Each structure stands twice: as C-alpha cells, then as structure tokens.
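Enquirer: What follows is a predicted protein model with its sequence.
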Amino acid sequence: MKKLLALTLGMVMALTAAGASFAGETEADVVIPSDMKVGFIFLHDENSTYDLNFINAAKEAAAELGMSEDQIVLKTNVPEGQECYDTAADLADGGCSVVFADSFGHEDYMIQAAQEFPEVEFCHATGTKAHTEGIENYHNAFASIYEGRYLAGVAAGLKLNEMIANGEFSEDEAKVGYVGAFTYAEVISGYTSFFLGVRSQCPSATMEVTFTGSWYDETAEKEGANKLISDGCKLISQHADSMGAPTACEDAGIPDVSYNGSTIDACPNTFIISSRINWTPYFKYAIQKAAAGEPIEADWTGTIATGSVELSELNENVAAEGTKEKLEEVMAALEDGSLHVFDTSTFTVNGEELSSYLADVDTDEAYEKDTDVIADGYFHESEYRSAPYFDITDGFDGIELLDTNFG
Amino acid sequence: MNDAAKSKMKARIHIVKRAAMPWYQAAGIRALALFLAVIVCGIVTYVLTGDNPASVFKTIFEGSFGSERRFWVMLQNLSMLLCVSLAMAPAFRMRFWNIGGEGQVLVGCLATAACMINLGGKIPNGFLIFMSLMAAVSAGAFWAFIPAACKANWNTNETLFTLMMNYVATQLTAYYIIIWESPKGSGKVGIIQQKSQAGWLPQIGQYKYLLPVLVVFILTIIVYIYMRYSKQGYELAVVGESEKTARYVGISVPRVIVRSMILSGAICGLCGFLLVAGTDHTITTTLAGGRGFTAVMVAWMAKFNPIGMIFTAFLLVFLNKGAGEIATSFGLNQSFSDILSGIIIFFLIGCEFFISYRIVRQRGEGQNV
C-alpha cells in the first residue's frame, strides 16, 4: 500500500525565503520594547476560519518577536460599524502603538480612528483606500495570493492530465469547477489565476464558476460544488471558506483544491493541495517598523518570498506524479520574475490579447476605471495597491460564469 | 376513589398568588436574586476556568467603566437599546406582540441612509437632517402600520406578521446595499459622506454620543408620561386587560391598535435615524444588531415601565460590554460571557415568580404520609 507522503512545501518556501531580502533592513535589529502594546481587531472569533488565520498569525508574530502575552490585545467579534471605531480608539487609549483590523468593512472606521490618533499606526488587511487617503499612519496590506492559487492550479492541471492519460475522459472534457463567494475583484483575481495555472499544464481546460453570495455558507457551497459536478466538472476548487465544497467532492470522488488550509483530514481521497495567506510576516513587519519609529508602507503586498503566500502539504495519494517537482520549478520562476501569473500572452478576452486595461484601483462610488495596469506583457496585480483589482469577467475566454453575485 | 387515596394525591406544595408586595420587599427579592446569581457565576467561573471570580467581575465592570470612552460607548449602547424598548412598551401594554422592532429600526436606518446618500451636499445640512429624521420616522411607522392594520381589520397574527416584516426589511436593505456598495462586489457601503459629513448629526462639544443619549433620555420621560398620565395611555392598558371591557366602555380597539403601533414603529424609526446619522454613518443588514429582540426582554423585565427599562437595559448592556472585556482579558471565548449573562438573567427573571407568587407548604394529613 502506498503510504501517505505529506511534505510541507511551506517549509521549502520558508527555507528559500530565509536568505531572501525580505524585511532585511529591520529583521533582528529591532528589539521590541517590553512596554509596547499592539491591538488586533477581528470580525469574528476563532470559530471562523478566516479570523482564526489572523488570530494564529497575531500570536505567532508576537511569539517570534519575543513579545509577552500581555503585549498583544485581541478584540474579537467586532462588527463593521461604529463599534470598530470605538474598539480601535479604546485600544489606542489603552496604550497600543499599532492597531490591526482584519475585515474589509472595518476600513472606514480605521481611517476615522487614524485621523484622531496620529501617533498610533493603524494597519488594515484587505482594504483599498490607504494609497489615496494620504494619511501617514493608515496602511493597507494584502498578499499576492494569486501566485498561490496559480501554483494550486498547476497541481490541478497536472491532475487533469493524469486523468486524461488514464482514459477517464477526453481532452475536450477537461472542465474544472470553481465555487466563488461574491463577484468581487478578490474572487475574480483568485479564480482566474487558478484557471491560468490549470491551463499552463492542461491547455484544453475550461472552467465554470458559480457564486454563493456569502464568504461562509456551508450549504450553498456544497450545493454549488454538486451543481458543478453534475455539469461535468472533473475537478473543483473554491474561494469560500467552509468545508461545503471539499466534502461534496469527497462524496462524489472528485479531486479538490481547497483554500485557507488543508482539508486532508476530512477528504483524504480527493484533497490535492490548498493555498492561504500567512499574515505573520506582515504583523512582524509592521510591529518592527513601528518599534523602530520608521514609516510603514501605505500598501504592503506579501509574496512567496516574504512567506505570506503559502501552500499546504501536498496529498501525494491524490496528486499526479511529479507534481512536487513541477511546483518547485514554477515557484522558482515566479520568484525570479521570469514567470508572471497574468501574462497577457496566456489568455484572451473576446478572442483578443489585451494590450492595455484600465482597472478601478482608486476606490470611488462610481467604480471609475482609473489606472492602466498592463505593461511589459503582463497584468500588474497588487502593485498599484495591495488589494487585488483584477476584475475581468466579461468575455474572458475559457471561463464561463454560471451566475453572478454582487452582494 | 376513597378519601384516603384522595388525600394522598393532594399536593403538598401549593403555589399561591400574592397580593401586591411593597416595593421595598420586591426590590429586596431582586437584590437577593442578583446576589445569588453573582455567587453562582463565581462558582461556575472558578470550576470551568480556574480564574479568580473576583478579577472576572472586576473585568466585567471595566468593560463599561474602565475609561471615559467606554463609559460613553456604554451610554450610547444603553440609549439605543432603551429607545427600541420604549417603542415596544405601548404595543406590549395592549398585548400586541410586536417582535418586529428589528425590521422597524432597519427601515429607519435605510431611509436615513437613502437621504444622506442621495441628498447629501445637494440641500442645506440642517434641512437634510430634518428630511432624514422625517423619512426614518415615517418608514418605521409605515413598517409597523402594515401588520397593525391587518390585525385591526382581519385579526391576523401579529407575532408572525411583525416577524416576517423583519426579513422583508433585511432583504430590502441588502438590495440597496448592492446599489450603494463601494467598491463594486464588496457588499459594503462604508461610511456615508465621510469627507463632507453631510447629514451627520452635530456633535455637542467634545462628546460624540451626547446628543443621541439626550434625545433618548427626553423620549423616556415623554413615553413615561404618555403611558402613565394620558388618556391614550390609559386606553392601551384597558385594551391590554380586556378587549371586551374596552369595547364596552366605547374604546375603538382597531383604532388603538393602529395608533399605538404607528407610535411604536415611529420610535423604532427614530432609533434607526440616531444609529445612521448619529453614530455609525453606514448601512448594513445587521445594523439593528438584534436590539429589536433584546428590547422585548428589556421591556418585559421592567414590566413596561419606562423608568424601570433604564435599569434593565443598563443591565443587559453592562453584561454585554463586560462579556467583550472578559473575552479580551482572559482569552476566554465570548461564549463564556454569554453563559454568565445567561445565569444572571435566569435568576432575575426567575425571581419575578417569587414576587408574584408564594409557595405554601400543605399541612395536615399530607404531612403524615
């Protein structure tokens, strides 16, 4: 019997990243004062996989920086309203010199608090306004998770090839399904990069996408996955966080690429790989900068090199042979810049290659497209601001949206 | 059945309704209940977590009184909950089970947000605030009028009807959020008019929350006088005691139902206005925050007395704020503080039984068995 060989690609990445230039200027030089306090605002508590990812990162960052438990203040279940401002201000009152918030809807309230407490640094994950607000102590952060999804897509594409070679279905039938949350740039960027990863290995692949209209809805995600499977999808991936899609795949025996953590325990026969954002590097970066009295970037985008984009262990029982080696090769190419996820020569929109594209980088109520983000032959995702802005849906060849859901 | 068997079956404990109890005695029973609740909480805390109960209670206290800001936030929370509870009082007094407070607040929020978004910067600010207020109050009143009119005309079930209206309000709000969201697809409206602050309620001095708190304080007095001293307030009580009596003395029951529910909805709408224009300046489907339901408990525990509601609303807000603080300071899950809140509320509601009834032990032949 073939034993389950699980190997941690994340560790490989950490090793390759250790020598890299990430945060080299501050790393190890800065001693965090023992009286420095850092506050964290979470939308839910550890019962939500999304918030748990942040909570773990906060604790890990504090431990790695040698901070005691009393130096971090965790505020859970803070809704996206005035309570977020109240909590941020309360943390500032309580002597925190850096305050983090983890949910998109916290942004405006963090800005409000940042204006009132200029001496405190306010850092907000997933937000879009720091680069236009011009407030020195307000910052956004995200990670180039599209690279992680691309890599997961590579693993998926190899699996499709294996199934085609085994005669399970023909090349033309190689269709993958994707369960998305909302028709929102972050999700669109995610499934498109995944698809491009798939197609880099399996050129005949197409994709169907369905949206649940929720970031976490186990029933809807399961139903979505079942719908895709009955539509003839041979492999499923997802953006939303619940176990809905992975369990549907396990029941149907369809290979699955999950998100935000391995689902190997529940789905040992179908789970291939999963990607996630590790927020520890950003927390460490911002805390160290604040301790050193140096400015924090308005937009910080974590990458594979910073250790912010992580792949889970690969389930070699399900993954195609040679996946591990291929992933290492593609990862190296992404890191040295010889490969770009959104290389315009690899996809067409309405049958044509894109030479320019205006994206809505500066958030405004009219969704005005303001910045040309294609240059040097690729779409520059997460460069003009950290949060994703790849939002091409209409006419993207090879991807069919079964529905849309804007809220 | 013979006599011996009959006497055997006689219960040995009787529950007897009390005559009205002097207020100090009732207060004493409640204080005792609170004291016992605190002791049980202490034991539960120690057994389950090993943390020192005294420091847990100190932390709960700090949640509301730990700093000036926390005190103000507590006051703001208290006044919003109290506002919805005040809205519930007239309806409940006439035994009209309005559990649609959540939806009535939400349409008030929605109407305010609509004014701020569509008219912000286009008309003078004072006029905009006035328009928002009128829109919110009318929206809330309208939302309550629908189930009231159906009850008055066709005797529909108001509990189900008001509850359903909550869901309609949530969906309606969700629909408009998609229209107003920014950026596209995010499902979030964000702070409305953050730069111009158009339609925002003015701030009194340096106190962000003073104005809403004052408004609700004045409202409490008005509702108290209305319920206690006005003819309409008296009609409410009569309808609540017996519809037949009300009809006999010439009160038009349908009219009282519709009038009181419009009042109820209007106050909920006002709460929505204070939330959007006064503090949150945004619109989400969860902005009412369950207050429509919590208010039912607040009103019941205070026996629909507006002054009493100040204390019951305070208790619930105090426990809620303390709960958040425990979660932070002790690293305990929020659920643990919910357990403590549950114990305290259980004792407080339970003690009402002993205020209304007394337990009499059966003496005589039953004792010998």
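Expert: Arrived safely.
Enquirer: tell me which parts of chain A are close to chain B?
Expert: Counting by CB under 8 Å from any CB of the partner chain, chain A comes close to chain B at A:45-46, A:73-77, A:79-82, A:86, A:89-90, A:93-94, A:104-105, A:107-109, A:111-112, A:128, A:182-185, A:187, A:360, A:363-365, A:367, A:391, A:406-407. Every C-beta, even on glycine, is put in place using the N, C-alpha and C of the backbone.
Enquirer: can you do 7 Å?
Expert: Within chain A, the positions adjacent to chain B are A:45, A:73-77, A:79-82, A:86, A:89-90, A:93, A:104-105, A:107-108, A:112, A:128, A:182-185, A:360, A:363, A:365, A:367, A:406-407 by CB under 7 Å from any CB of the partner chain.
Enquirer: Using CSV, write down the CA coordinates of stretch B:205-219.
Expert: The C-alpha trace of stretch B:205-219 is given here as CSV (Å, rounded to 0.1, in the frame of the first residue of the first chain):
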residue,chain,number,x,y,z
GLY,B,205,-18.8,69.9,22.4
GLN,B,206,-16.2,67.1,22.5
TYR,B,207,-18.9,64.4,23.3
LYS,B,208,-19.6,62.3,20.3
TYR,B,209,-22.5,60.4,21.8
LEU,B,210,-24.1,63.1,24.0
LEU,B,211,-26.8,64.1,21.5
PRO,B,212,-28.3,60.6,20.9
VAL,B,213,-28.2,60.0,24.7
LEU,B,214,-30.0,63.2,25.4
VAL,B,215,-32.7,62.5,22.8
VAL,B,216,-33.4,59.1,24.2
PHE,B,217,-33.4,60.5,27.8
ILE,B,218,-36.1,63.0,26.8
LEU,B,219,-38.0,60.4,24.9
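Enquirer: Show me which positions of it end up buried.
Expert: Using 16 or more other CB atoms under 10 Å in any protein chain shown as the test for burial, stretch B:205-219 gives B:Lys208, B:Tyr209, B:Leu211, B:Pro212, B:Val213, B:Val215, B:Val216, B:Leu219.
Enquirer: Secondary structure for the residues you listed - can I get that in JSON lines?
Expert: Shown next, in JSON lines, are the buried residues of stretch B:205-219 (DSSP: H, G, I helix; E, B strand; the rest coil):
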{"residue": "B:Lys208", "secondary structure": "coil"}
{"residue": "B:Tyr209", "secondary structure": "coil"}
{"residue": "B:Leu211", "secondary structure": "helix"}
{"residue": "B:Pro212", "secondary structure": "helix"}
{"residue": "B:Val213", "secondary structure": "helix"}
{"residue": "B:Val215", "secondary structure": "helix"}
{"residue": "B:Val216", "secondary structure": "helix"}
{"residue": "B:Leu219", "secondary structure": "helix"}
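Enquirer: can you put those residues in TSV and add distance to A:Thr280?
Expert: Shown next, in TSV, are those (distance: CB to CB, whole Å):
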residue	distance to A:Thr280
B:Lys208	35
B:Tyr209	37
B:Leu211	43
B:Pro212	40
B:Val213	42
B:Val215	46
B:Val216	44
B:Leu219	49
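Enquirer: Buried only: go through the residues of chain A next to chain B for me.
Expert: A:45, A:73-77, A:79-82, A:86, A:89-90, A:104-105, A:107-108, A:112, A:128, A:182-185, A:360, A:363, A:406-407.
Enquirer: do you know how far the most centrally placed residue in chain A is from chain B?
Expert: Centroid-nearest residue in chain A: A:Ile145, 3.7 Å away (criterion: CA atoms, centre = their mean). A:Ile145 sits 17 Å away from chain B, going by CB to the nearest CB, to the nearest Å.
Enquirer: Could you give the number of residues near the closest residue to that residue other than its chain neighbours?
Expert: Spatial nearest neighbour of A:Ile145, excluding adjacent residues (CB to CB, 6 or more residues apart in numbering or on different chains): A:Ile277 at 5.3 Å. A:Ile277 has 24 neighbours, counted by other CB atoms under 10 Å in any protein chain shown.
Enquirer: For A:Ile277, name its beta-bridge partners.
Expert: A:Val309 (DSSP bridges).
Enquirer: which residues does it contact?
Expert: A:Ile277 makes contacts with A:Ala143, A:Ile145, A:Gly302, A:Ser308, A:Val309, as judged by CB atoms under 7 Å, 6 or more residues apart in numbering or on different chains.
Enquirer: still on that earlier bit, could I get the buried residues of stretch B:205-219 as CSV with distance to chain A and pLDDT?
Expert: Converted to CSV, these look like this (distance: CB to the nearest CB, whole Å; pLDDT from 0 to 100):
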residue, distance to chain A, pLDDT
B:Lys208, 9, 88
B:Tyr209, 9, 93
B:Leu211, 14, 95
B:Pro212, 11, 95
B:Val213, 14, 96
B:Val215, 16, 96
B:Val216, 16, 97
B:Leu219, 20, 97
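Enquirer: Now do the contacts for B:Lys151.
Expert: When contacts are counted by CB under 7 Å, 6+ apart, B:Lys151 touches B:Glu158, B:Ile257.
Enquirer: Over to it. Which of the three states is it?
Expert: Under three-state DSSP, B:Lys151 falls in the helix class.
Enquirer: can you list the weak-confidence ranges in chain A?
Expert: A:1-29, A:407 (pLDDT under 70).
Enquirer: the bottom helix or strand of chain B by mean pLDDT?
Expert: helix B:365-368 (a mean of 48; mean pLDDT, DSSP states H and E).
Enquirer: How about the stretch 51-200 of chain B: which residue is closest to chain A?
Expert: B:Gly185 (3.2 Å; CB to the nearest CB).
Enquirer: Skipping adjacent residues, who's closest to that residue in space?
Expert: B:Gly185 sits nearest to A:Tyr184 (CB to CB, 6+ apart), 3.2 Å away.
Enquirer: The one you found contacts B:Lys188, correct?
Expert: No: A:Tyr184 sits out of contact with B:Lys188 when judged by CB atoms under 7 Å, with a separation of 10.1 Å.
Enquirer: can you give me the strands in chain B?
Expert: Listed in chain order, the strands of chain B (DSSP state E) span residues B:13-17, B:357-361.
Enquirer: Could you name the helices and strands sitting against the first one?
Expert: Think strand B:13-17. strand B:357-361 (3 or more CB pairs under 7 Å, 6 or more residues apart in numbering or on different chains; DSSP states H and E).
Enquirer: List the neighbouring strands of the strand it packs on plus their orientation.
Expert: strand B:13-17 (antiparallel).
Enquirer: and B:Tyr248, what pLDDT?
Expert: B:Tyr248 is assigned a pLDDT of 92 by the prediction.
Enquirer: Could you count how many residues lie near it?
Expert: Under the criterion other CB under 10 Å, the count of neighbours that B:Tyr248 has is 10.
Enquirer: do you know how far it is from chain A?
Expert: Applying CB to the nearest CB to B:Tyr248 and chain A gives a distance of 49 Å.
Enquirer: residues contacting the closest residue to B:Ala323 other than its chain neighbours?
Expert: Closest residue to B:Ala323 apart from its sequence neighbours, by CB to CB, 6+ apart: B:Ser337 at 3.0 Å. Residues near B:Ser337 by CB under 7 Å, 6+ apart: B:Gly322, B:Ala323, B:Ile326, B:Ala327.
Enquirer: quick one: which two of those residues are the most distant?
Expert: Greatest spatial distance in these: B:Gly322 and B:Ala327, 9.8 Å, computed using CB to CB.
Enquirer: host element of A:Phe169?
Expert: For A:Phe169, there is no helix or strand it lies in under DSSP states H and E.
Enquirer: Does it touch A:Gly232 like I think?
Expert: No: judged on CB under 7 Å, A:Phe169 makes no contact with A:Gly232 at a distance of 8.6 Å.
Enquirer: With neighbour numbers in mind, choose between the two.
Expert: A:Phe169 (14 against 11).
Enquirer: Next, work out how far apart the more buried one and chain B are.
Expert: From A:Phe169 to chain B the distance is 33 Å (CB to the nearest CB).
Enquirer: Which parts of the stretch 1-150 of chain A are strands?
Expert: For the stretch 1-150 of chain A, the strands defined by DSSP state E, counting those that start in this stretch occupy A:6-7, A:37-41, A:72-75, A:96-101, A:121-125, A:138-143.
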